[in-house]
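1. Would you be able to build a 3D model of this:
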Amino acid sequence: MIYGYARVSTKGQAKDGNSLEAQTEALRSAGAETIFVDSFTGTKMDRPEFSKLMKLLKESDTLIVSKLDWFARSVGKASNLITTLIDRGVTVNVLNLGILSNDSVSTLMRNILLSFAQFERDMIVQRTQEGKAIAKLDPHPNFREGRPPVYRK
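-> Numbering: from 1, shown residues only. Next up is the predicted model:
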């Protein structure tokens, strides 16, 4: 069976072809028969649809994702997951990289690329924290930490 997995961090995310629609179309074009979709952060491994998919995957199945960092934003978590899947006999196909293996060069390349994904996530968190700290020092009358309130009728 050929499975696909698409993920965005937020439901409204749509940039540079990374929307759920663009990902699912790319996965279908690559041969995915069943596609699992999450709108969930990549920092957590316990994602509803991802967890269902991981339980279904068995030897001789193929898992297709459009980008490597859709697995996780941590080098350790993503690399361990990919290694485990390959060891179980699951083919892991990352559309912008190709089919992964557990040989030394493939492992090195995926860990380098995953390091960039983790670095990018860490920088986002750092910039957000710096912005909050600056906003708290020079309070703006409209500054409020957190998400805006939702008004319902």
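
2. how about low-confidence regions in this protein?
-> Counting by pLDDT under 70, the chain contains low-confidence residues at 10-17, 40-45, 139-141.

3. now the helices for it?
-> For the chain, the helices defined by DSSP state H occupy 20-29, 48-56, 75-87, 104-137.

4. Show me which residues of the first one are buried.
-> What that stands for is helix 20-29. Leu20, Ala22, Gln23, Thr24, Ala26, Leu27 (16 or more other C-beta atoms under 10 Å). (Glycine included, C-beta is placed from N, CA and C.)

5. and what of the shortest one?
-> Residues of helix 48-56 classed as buried under the neighbour-count rule (16+ other C-beta under 10 Å) are Glu49, Phe50, Leu53, Met54.

6. still on that earlier bit, any chance of the helices of the chain in a markdown table, with distance to Asp38 too?
-> As requested, the helices of the chain are arranged in a markdown table below (distance: least, C-beta to C-beta, whole Å):
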| stretch | distance to Asp38 |
| --- | --- |
| helix 20-29 | 9 |
| helix 48-56 | 5 |
| helix 75-87 | 14 |
| helix 104-137 | 16 |
